[in-house]
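Undergrad: whatever this is, show me its structure:
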Amino acid sequence: MDRRRALKTTTVLLAAAPLAGCTGRLETFASWKQAQQAVLDLLFVPKIVQGNAWNLSQVLQHLAQSIEFSMQGFPALKGAWFRSSIGSAAFAVFNARGAMSHDLAEPIPGAPALDASQALRTSVNRLLEVMDAFAKFNGTLRPHFAYGELTKPQYERAHLMHLANHWTQIHAKTATA
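TA: As a prediction, this is how the structure comes out:
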């Protein structure tokens, strides 16, 4: 199969695929401020992660890593051909849908291990700090490990969709009898 046909096939499959990782409720964040408020709210309303081996602190660490790497550089990149074809097509499909779907338990390639024992408050603060840093960032953004080159508005959109995709697994903590 030639590259053009592979790209078209992948784009069609991505567009037709259900939103993997979604639990029936589709979360969205319309703005950076709304997402920051949702992160802050985690300190006041007990929540848990369902359907993932990661705890809530680890999910927040993962989200912080993604935003940090967009400014600092990802530790490992998919090949240039992948980023410029399949990866960029995947981002285009997610952007058109307004929702991302990915394996919610897959770490960022080459990223440091997530600390299961890290306090929730520490992870919330780290994510909020890196979100503030991204909002103020005026430097050159680094290529996404899969999507390739993104503008700042595209990266913000990708980060909001990434947050929302993980939020589908975050649920109110209920008392058990």
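
Undergrad: what's the weakest-modelled helix or strand in this protein?
TA: Lowest mean confidence among the helices and strands of the chain (mean pLDDT, DSSP states H and E): helix 3-16, at a mean of 44.

Undergrad: give me the residues contacting whatever helix or strand comes next after that helix.
TA: Sequence order places helix 32-41 as the next helix or strand after helix 3-16, per DSSP states H and E. With Cβ atoms under 8 Å, 6 or more residues apart in numbering as the test, helix 32-41 has contacts from 29, 60, 124, 127-128, 131-132, 135, 156, 159-160, 163-164, 167. Placement of C-beta: from N, CA and C, glycine included.

Undergrad: how does it look with 10 Å?
TA: Outside of helix 32-41, the residues within contact range by Cβ atoms under 10 Å, 6 or more residues apart in numbering are 27-29, 31, 47, 60, 63-64, 123-125, 127-128, 131-132, 134-135, 156, 159-160, 162-164, 167, 170.

Undergrad: so among those residues, which ones count as buried?
TA: Buried members of the contacts of helix 32-41, counted by 16 or more other Cβ atoms under 10 Å: 27, 29, 47, 60, 63-64, 123-125, 127-128, 131, 134, 156, 159-160, 162-164, 167, 170.

Undergrad: out of those, list just those in strands.
TA: Counting by DSSP state E, these place Lys47, Ile170 in strands.

Undergrad: residues in contact with the residue most central in space within the chain?
TA: For the chain, the residue nearest the mean C-alpha position is His162 (2.6 Å; Cα atoms, centre = their mean). His162 sits next to Phe29, Ala35, His62, Leu63, Ser66, Ile67, Phe94, Met100, His102, Leu104 when contact means Cβ under 10 Å, 6+ apart.
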